[in-house]
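# Next comes the sequence, and after it the predicted model I'd like to discuss.
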Amino acid sequence: MTKLISLDPRITRLGIGSSEPAEVAPKPTLDQHQTYEVFHQQKSGAHHIHVGSVHAPNAELAMVLAKETFGRRGQTVNLWIVRTSDVVAMNSADAEIFSTTPEKAYRDVAAYMVRNKVEAFKKGMQQAKEGKEG
């Protein structure tokens, strides 16, 4: 067995041999906490936004940890806690399914230029009102 030489002088001083590494046993399942994803809502009616994750043994403690970690950073109205293993995500290879979606700009509010029409209508109403008064 040859002597292990390391960049760390403490290892070299110990004189550890460079034999085959011992087999590492897996950790027990209850040794590690579950991971929970945290979503918060800044104001009532707004969308929930993913802000991070916490490690906890159960959902109740995950909520407490999420309140302490993410609830104090600015305004928070509501928190959602979701076990990471329960999150289902689409495979990025399947993204082509959305490429066949036709243009649907008419569904978006930005597609309508109503503001100009409303301002023109208000201006016309105001001019008509001034015409009646004068």
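Structure received.
# drop to CA atoms for contacts and neighbour counts, all remaining ones
Noted.
# Name the helix or strand of this structure that has the lowest mean pLDDT.
Least confident helix or strand of the chain, by mean pLDDT, DSSP states H and E, is helix 9-14 with a mean of 73.
# Report the strands that pair with the very next helix or strand once past that one, each with its relative direction.
Sequence order places strand 34-41 as the next helix or strand after helix 9-14, per DSSP states H and E. Paired strands of strand 34-41, with direction, are strand 49-56 (antiparallel), strand 78-83 (antiparallel) (DSSP bridges).
# want to try JSON lines for those, with distance to residue 70 as columns?
Below are these laid out as JSON lines (distance: least, C-alpha to C-alpha, whole Å):
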{"stretch": "strand 49-56", "distance to residue 70": "7"}
{"stretch": "strand 78-83", "distance to residue 70": "9"}
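# In a markdown table: these, plus mean pLDDT and mean neighbour count.
Converted to a markdown table, the strands paired with strand 34-41 look like this (pLDDT from 0 to 100; neighbours: other C-alpha atoms under 10 Å):
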| stretch | mean pLDDT | mean neighbour count |
| --- | --- | --- |
| strand 49-56 | 94 | 16 |
| strand 78-83 | 94 | 17 |
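# Select, out of the ones you listed, the one closest to residue 95.
Proximity to residue 95 (C-alpha to C-alpha) singles out strand 49-56 among the strands paired with strand 34-41, at 21.3 Å.
# Now name the helix or strand holding residue 64.
Using DSSP H and E, residue 64 falls in helix 59-70.
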